[in-house]
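> please find the sequence and the predicted model below.
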Amino acid sequence: MFNVLFVDDEPLLLEAYRRMLRQSPFQCHTLTDSAQVMDFLAQQPVDIVVADQLMPTLSGGALLQQLVKKYPAIKRVLISGNLNLVEPAARVAAHSLLEKPCSKAVLLSTLEALMEPA
């Protein structure tokens, strides 16, 4: 079982991600505040972080850049309603980019690809 942390300020989307991952090899964790991620990771290791680009306190791109420095082994996915607005530094920090809304099939195939041995 792989642990995935979804970070999005929209609780309904977090619940949708949780439903998408039912009966999959992924255990879903969720946070609505990107500022809480580092504290969460200190207590609960995860394999993948999926972060929304537009967040109130800390953008998803900035969060992924912090993860590169502090938790480089964690796979990082940036999700956005408009991928054209994603800054170059955020693109570099992300292993994968997803456009909102994404289907269950796209989400699962992205997560599965990230967990395949190199």
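Sure, I can see it.

> all helices of this structure, in order?
11-20, 37-43, 60-70, 88-93, 104-115 (DSSP state H).

> quick check: buried residues in stretch 40-55?
40, 41, 46, 47, 48, 49, 50, 51, 52, 53, 54, 55 (16 or more other Cβ atoms under 10 Å). In short, each C-beta sits where N, CA and C put it, glycine included.

> thinking again about what came up before, tell me which of the helices of the chain sits most buried.
Mean neighbour count (mean count of other Cβ atoms under 10 Å) peaks for helix 60-70 among the helices of the chain, with a mean of 19.

> restricting to C-alpha, output stretch 47-58 in PDB.
Below are the C-alpha coordinates for stretch 47-58, written out as PDB (Å, rounded to 0.1, in the frame of the first residue of the first chain):
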ATOM      1  CA  ASP A  47       5.100   8.300  -1.000                       C
ATOM      2  CA  ILE A  48       3.400  10.900  -3.100                       C
ATOM      3  CA  VAL A  49       2.100  14.500  -2.500                       C
ATOM      4  CA  VAL A  50      -0.600  15.800  -4.900                       C
ATOM      5  CA  ALA A  51      -0.900  19.600  -4.400                       C
ATOM      6  CA  ASP A  52      -3.300  22.100  -5.900                       C
ATOM      7  CA  GLN A  53      -1.500  25.100  -7.500                       C
ATOM      8  CA  LEU A  54      -3.800  27.800  -6.100                       C
ATOM      9  CA  MET A  55      -3.800  27.600  -2.300                       C
ATOM     10  CA  PRO A  56      -4.400  30.500   0.100                       C
ATOM     11  CA  THR A  57      -1.300  30.300   2.300                       C
ATOM     12  CA  LEU A  58       1.300  28.600   0.200                       C
END
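
> nice, that's everything, thank you.
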